[in-house]
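J.: Quick one, what's the 3D model for this:
(chains A, B, C and D)
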Amino acid sequence: MVSFSFDFMGYPLLLGQVDGLSMPFVVAFSVIIVPALWYSFAYHRHRNQSIVSVLFFLCSLGTVTAGDLLSFLVFWEGMMILSAILIAVDTGRRDLRIGYRYLVVHVIAGASLFLGVIIQVSSTNSLDLAGLVPAALPFLILAGVIKAALIPFHFWVPDAYGQISPGIAVILTAFTTKVGVYAIARFFPSLSGLALLGATVAVFAVVMALGQRHLRRVLSYHLIGQIGYMVAGIGALSDIGVAAASLHMFSGVMYKGLLFMVAGSVLYQMKTDDVGHMGGLIRKMPLTFVAALVGAASISGLPPFNGYISKTALKIALQGDPVISLLLTVAAVLTAMSFAKLLWDIFLREKPQCEGGEARESPAVLLIPMLVLAGICLGTGIHYPLLTDALVEISIPPIYSVGSLWESLYPVLLGVVLVPITAIKLRHLARRGLHDLDFVFPRLIEGFTQVGRVTRNTLEGHLQTQLLIVTAFLVFLIWMWP
Amino acid sequence: MIRKSVALVILAILGLLVMGGLAELPLPAERMSESVTSRHILSEGVSDTGAVNLVTAVLFDYRGFDTLGEATVIFAAAAGVVLLFFRHDLPTSRLGLSSLAKRSIMVLAPFVFVTGLYIVMFGHVTPGGGFQGGVVWATLTILLCIVYGTAFEWRFINTRTKTLLESLGAIAFILLGLVGIYRGDFFLSNIAAGFRAGVPGELTSGGAIPLLNLAIGLKVAAGLALIFYNMVKKDVG
Amino acid sequence: MSHLPVMIIIWPLIFAFLTPLVDMVSLRYRKHVVITFVVGQLVLVGLLIFGDSGGTTYYPLGGWAPEIGIVMVVDGLSRIFIMLIAVGTSLAMLYSLADIPDKESKYYVLFGILIAGMFGLVLTGDLFNLYVFIELTSLASFPLVAIQREGPAVRAGLRYMIFTVLSSLMVLLSIILVYGALGTLNMEEIGRQLVSIPHELRVLILALWIVGLGLKVAVIPLHSWLPPAHAEAKSPVSALLSGVLIKTGLYMIIRLPLLMSQGKDEMMIQFILINIAAVTIIGGHLLALGQRDVKRVLACSSIAHMGYIVLGLGIGSLLGLVGTLFHALNHMAMKSGAFFSLGQMVKDHYDFDSVQGKGRGAPWMAAVFLICCISLIGLPPLGGFASKWILGMAAVEAGQPIYAGVIALGTFLSGLYYANIFRILLNPDVSVESVKTRWLSAGVVGVTGFLCVVGFFAATWITDLIKIVAIGIL
Amino acid sequence: MWGEIVDFAYWVVVGLFLIGFFGVLTDTNLIKIAIGLNIMEASLLLLLVRLAFSPGDSPPIVSEGILNYADPVPQALTLTAIVIGASTTALLLSFIIKTYKYYGSVDLKEIRRMER
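T.: The predicted model follows:
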């Protein structure tokens, strides 16, 4: 890989450094960008957005291939700005506050990363990515966790991705959170508790997803859930765990891209993304249904799709820990349940009063990238050495065995069976208890503005009050001088 | 009421603290005997500059740059006042005071002018100088304003003339300073740049100091007159 | 002997004195006169900065020895500030050509005087001369603030003026006490002898000096004149005041610990400065967060940025000083750029309701505004990031990582309010008509945007230069 | 706390300074604030002149037979400061005039009320 060095204030900046950890990310990003751009271009027909998207993609590549902390920070912030611009421009006509809130969260992450990097660099006087000092760790963790949208910092994902147009979402979802995962894997691979955190996030997010009505919000929560899987893999603290996480990252990028494209197509035809208003689309959009089926099967970990490969690898990596295995199994059941219900609601059930009267199959420009991604999901699932050899250097035990086939099948079966029974209850549970978490965050930002207003009122007082303060300050200074 | 008492308390403390600081100042005589600056100026001042009035010597020679600065401050203040009262450039009153006052001011005016001239030109010999004389000149225009009405004063020396005088005075000061550079010495050099020191105590002594005084006098007079005129003229929108 | 130090001050004065005379002839020559002046100034400054080896040069005015007369000192620190002032004022001057009507003759007079005052301020080596130049800059800037001549502008100018007069009085008292104690006005001599002043008197002098200049620099709690003054002025004036003028107060504060104290006092001054700075950063950003007017937001952000700048000074290390000077240069570029480009997008009313969507009327100006604001937030790859990086490093290196945390918190808070401004300026729901930009002002805006970018990519080179200066100072 | 001598002039200086300052801090009339600032400045000038002078000194105009002159430097500084102060006052007053023309009052409280 091309590498490039640049001197900044006495520190060498290394760009384009690819090692075993960044390789899967580079490959995944490079593979997804083509169909994603194609899709978003077809969806929007807006040149400027594509330019920003390409820049965003380049920044993401730069982040995962940065050879030092400073250039990592630079690209990280670059991603943040570009994605915020993408979201702001996209959501402008409806609600400008979405882009605002997105930027704010990521500025927090950026400031935290900045602080961590500064502490790290000034205590070791080098920009190396390895050998982090304990003082810098909390800030880097905070940055990584926000970017990767782990609970309790997940709120920006449904807030932003739940409302932007799918053309942009396809691009953003592929990169932003994955870079957060990369940061976690890069900076603190040996942090204890990551596996448990990841598994909990997976379960929690899927439960939240079950409580949603809106297609894009459902997918947003599933996105968080998949990140949970990856983090759990990293938390296995073994080479095979990281390798499995990388594999899962690749699979996740592919099938999440596919699912968001499906959501986009459905949204495009239906003009709404409320699942409750849909139904019977299988006859109108058969090819989209096929793509959705592939995506759903893949995310549920059904053979022979790529989700099966990576989830099985994860299970192998996490064999030793019964709690986490159990949590992941629960998550798998719930995922299958959620997608079975989603497919049923959107495509299969007959709903005479549904609004998609004039819905028809998506045009070819939208279909081709979807089918390409579906092909990738299937192809890398069947011929998995293609993936494992290219992405990870560690040999993974044979994946297509009877045991693992059964292990991946029964949660899905269980989930599908359980759909009609528990979906309603879970939905209530999620809506009542957990839903509110998402709405704390906009209030929080309003709260900051309130603090500012109070400060203004105190500090911008009347002329003579201020003069009095000046005098008091002078007296204080003379008085207190030792 | 609360503000007043708080201010009173704070200021009382401030006063005590300042007083405590002031009490530690050395006696002026002690300081002067140690200060290189004061001793040099007192002993060598006359031979250095040719001016008998050492305050003027300090003002226009040793610290001539300060004087350029303060002249510019007046210039800036005049410009600022003009800027603030822009667009109201009209004479207001044509009436003025009684004819008795008018007559007597006409008798007085030449004397006031000459007094100003004297203060300006003999600044290096007796107490006085460009600033003081310039203020006297400015008083003259102010008197004319009051007694004859602003319209008369406006016709007599209008704003353009004042601006012209002010700028010319300022530029003259700078040119006099540049003579030093031209003669191979430093900016604002006086005797060293070839101005004649003359016999201390005479009008032609002091090198460039009388000329600088004149420039400053013109500038101050015009500047203050401008400020006054701009403040009194009527606001017509 | 080169006469450049004094020529740099005389040149704008000549411009100021000649402008009324030229205007009596015709107003048509304005553009030529101004451009001649700017070019001449840049040439003079260039000669001064790059023309010699870079050591300390003295210029005795009138040929008198430093002890007796007034001396001008050109050293590394004054060179940096001369560069800052020259670039900032030249840009603002050129920008004014498009923004200020030709008939405002006195505007250019005051502008010239202001420039001369600032140059004098950073060049003089005499304490009372410093006071004269402080007054000169202040007096020239008051009417510039009130150039719109309407109620709020006049009130802002009045408020600015009362605070500044008070600060001048404090500085004057401090100078009088120094003279009363030491009998000399030469700054280097004072620096040497200051320790010999009795303790209580010295504390009084230093405290008056810090508060007097703190009022100029507008650190919290001495800031409250700044937001109205900088917000009510016209764009070039705002840029000049925020970008250049308040930095001259900083110059004097830098001179203060360097020349006026030793030992225990220095520790105390650093302690004061660093804590004031921390309060200023957070308070300034919170103030900006509460504003409902774009220009006021920018003005309040100036307060916060002066906090960053003072912070480096308070850290007291070499790296801190480098960060301070570098951030001062960067802030000049980015804040001027922000005011300039904002002035091109919006002409008169700057409150949030009136500027909705205005950025779309002039997309290129909006782009530069975006660049400047991102630099102000401190995000890479722009100049603001580079200097914040140095400041943060300095804080951690000096064993005070809490102040690096303050910087990061400041980044977060500024992200909040700039994001808000962007979303207002780019609001697509309001229809706007496109704004025509004259090539001169567009060029000026472009230059500031370019400077923001240069601040990052040439950071190595710039900081190396500044480091030489900083080593010379410490 | 204070040394052996505390000059009477110093009391006057501090007194005037505080009187002026008190006016600035408490009086809502803008003209009076300007007057307060002027009083403060006058007190400083007084201090400056006091520093130039010891009992028995003559004015620094050189003539035969006088040995002790007052220090000329502070006097020159005083002149400069007076001019600067006068210019500042002129500008301050024009600001106040301008404020009066706009708001019809020079009272801070009333101006504030009008702003609302």
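J.: Which residues of the stretch 51-200 of chain A lie near chain C?
T.: A:70, A:73-74, A:77-78, A:80-81, A:84, A:88-89, A:92-93, A:96-97, A:99-100, A:103-104, A:107-108, A:110-112, A:114-115, A:118-119, A:121-123, A:135, A:139 (Cβ under 8 Å from any Cβ of the partner chain). For the C-beta atoms, the positions are set from N, CA and C on the backbone; glycine is no exception.
J.: So which of those belong to helices?
T.: Secondary structure from DSSP state H places A:70, A:73-74, A:77-78, A:80-81, A:84, A:88-89, A:97, A:99-100, A:103-104, A:107-108, A:110-112, A:114-115, A:118-119, A:121-123, A:139 of those in helices.
J.: Which among those residues count as buried?
T.: Among these, those that count as buried by neighbour count (16 or more other Cβ atoms under 10 Å in any protein chain shown) are A:70, A:73-74, A:77-78, A:80-81, A:84, A:88-89, A:97, A:99-100, A:103-104, A:107-108, A:110-112, A:114-115, A:118-119, A:121-123, A:139.
J.: Tell me who's in contact with the residue lying closest to residue A:22 once chain neighbours are set aside.
T.: Nearest-residue entry for residue A:22: residue A:64, 4.6 Å, with adjacent residues in sequence omitted and distances by Cβ to Cβ, 6 or more residues apart in numbering or on different chains. Listed by Cβ atoms under 8 Å, 6 or more residues apart in numbering or on different chains, the contact partners of residue A:64 are A:22, A:25-26, A:29, A:179, A:182.
J.: same thing with residue C:201?
T.: Contact criterion Cβ under 8 Å, 6+ apart gives B:21-22, B:24-25, C:177, C:181 as the residues in contact with residue C:201.
J.: what's in contact with stretch C:46-63?
T.: Under the criterion Cβ under 8 Å, 6+ apart, residues B:61-62, B:64-65, B:180, B:185-190, B:192-193, C:1-6, C:8, C:66, C:69-76, C:79, C:82-83, C:125, C:468, C:472 lie in contact with stretch C:46-63.
J.: Next to chain A, which bits of chain D? Give me the list.
T.: Taking Cβ under 8 Å from any Cβ, the part of chain D that reaches chain A is made up of D:21, D:24-26, D:28, D:108, D:112.
J.: I'd like these as CSV, with distance to residue D:96 appended.
T.: Conversion of those to CSV gives the following (distance: Cβ to Cβ, whole Å):
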residue, distance to residue D:96
D:21, 19
D:24, 14
D:25, 18
D:26, 18
D:28, 13
D:108, 11
D:112, 15
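J.: near chain C too, which of those?
T.: Of the residues in those, proximity to chain C by Cβ under 8 Å from any Cβ holds for residue D:24.
J.: Which among the residues of chain D next to chain A count as buried?
T.: Buried, going by 16+ other Cβ under 10 Å: D:21, D:24-26, D:28, D:108, out of the residues of chain D next to chain A.
J.: Quickly name whichever of those is closest to residue A:409.
T.: Proximity of these to residue A:409 was ranked by Cβ to Cβ; the top entry is residue D:108 with 81.2 Å.
J.: From residue A:8, how far out is that closest one?
T.: With distances defined as Cβ to Cβ, to the nearest Å, the gap from residue D:108 to residue A:8 amounts to 52 Å.
J.: Not counting its neighbours along the chain, what's nearest residue 53?
T.: Reading this off chain A. The shortest distance from residue A:53 to any non-neighbouring residue, by Cβ to Cβ, 6+ apart, is to residue A:171 (5.0 Å).
J.: hmm, I had chain D in mind actually
T.: In space, residue D:53 is closest to residue D:70, 4.7 Å off (Cβ to Cβ, 6+ apart).
J.: these two touch, right, that neighbour and residue D:56?
T.: No: under the contact definition of Cβ atoms under 8 Å, residue D:70 does not touch residue D:56, with a separation of 9.7 Å.
J.: For those two, indicate the residue with more neighbours.
T.: residue D:70 (23 against 9; other Cβ atoms under 10 Å in any protein chain shown).
J.: Look at the residue nearest to the spatial centre of chain D and tell me its secondary structure.
T.: Note on chain D: the residue nearest the mean C-alpha position is residue D:41, at 1.7 Å, using Cα atoms, centre = their mean. The three-state label given to residue D:41 by DSSP: H, G, I helix; E, B strand; the rest coil is helix.
J.: could you dump the buried ones among the residues of chain D next to chain A to a markdown table with secondary structure?
T.: Formatted as a markdown table, the entries for these read as follows, by three-state DSSP:
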| residue | secondary structure |
| --- | --- |
| D:21 | helix |
| D:24 | helix |
| D:25 | helix |
| D:26 | helix |
| D:28 | coil |
| D:108 | helix |
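J.: Now the two most distant members of those.
T.: Greatest spacing in those, by Cβ to Cβ: D:21 and D:108 (16.6 Å).
J.: Helices of chain D, residue ranges please.
T.: Assigned by DSSP H, the helices in chain D fall at D:8-26, D:30-52, D:72-103, D:108-115.
J.: how close does whatever residue of the stretch 101-250 of chain A ends up closest to chain D get to residue A:110?
T.: Going by Cβ to the nearest Cβ, chain D is nearest to residue A:104 of the stretch 101-250 of chain A, at 32.6 Å. When distance is defined by Cβ to Cβ, residue A:104 is 10 Å away from residue A:110.
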